[in-house]
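Trainee: give me the fold of what follows.
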Amino acid sequence: MTLRFVGIDPNTGGEGSPTVWVEEESADLILQGEEADGLLKALVGSTEWVAGHKTGIPAHERVIRIPARMVPILREACDAAEHASAEHRDVR
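Mentor: Coordinates of the predicted model:
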């Protein structure tokens, strides 16, 4: 597994911070962020976002919060993931 570091919260104070990577082989985005508070998790878990889709947050998933100031970093990560995915499609 190879991770490509894309960016970290520009307002980090040197502790754990929202961070974004791209996993090179799968082109998946890997996100580290603050776990959502109880109110946000309750809203996400109780709302039927897609008709007929089961509500709730599965035990193996987490709702995280990424600050809006990281949107440019997420865009860069999406571009990198798209590029990595295209490279893997070309090889197959």
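Trainee: wait, isn't T47 in contact with T55?
Mentor: Yes. Taking contacts as Cβ atoms under 8 Å, T47 lies within contact range of T55: 6.7 Å. Bear in mind the C-beta positions are built from the backbone N, C-alpha and C, glycine included.
Trainee: so which residues of the protein form helices?
Mentor: Counting by DSSP state H, the segments of the chain that form helices are 38-46, 71-91.
Trainee: next, the buried residues of the longest one.
Mentor: Looking back up the chat, that one is helix 71-91. Counting neighbours by 16 or more other Cβ atoms under 10 Å, one finds that the buried residues in helix 71-91 are I73, L74, A77, A80, A81, A84.
Trainee: what's the most distant pair in the residues you listed?
Mentor: Spanning the widest gap among the buried residues of helix 71-91 are I73 and A84, at 16.2 Å by Cβ to Cβ.
Trainee: okay, the buried residues of helix 71-91 in JSON lines with distance to T19 and pLDDT next?
Mentor: Shown next, in JSON lines, are these (distance: Cβ to Cβ, whole Å; pLDDT from 0 to 100):
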{"residue": "I73", "distance to T19": "9", "pLDDT": "95"}
{"residue": "L74", "distance to T19": "11", "pLDDT": "95"}
{"residue": "A77", "distance to T19": "10", "pLDDT": "95"}
{"residue": "A80", "distance to T19": "14", "pLDDT": "92"}
{"residue": "A81", "distance to T19": "15", "pLDDT": "92"}
{"residue": "A84", "distance to T19": "18", "pLDDT": "87"}
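Trainee: can you name the residues in contact with the lowest-mean-pLDDT helix or strand in the chain?
Mentor: Least confident helix or strand, the chain: helix 71-91 with a mean of 85, by mean pLDDT, DSSP states H and E. For helix 71-91, the surrounding residues in contact (Cβ atoms under 8 Å, 6 or more residues apart in numbering) are 4, 6-8, 20-22, 24-25, 27-29, 66.
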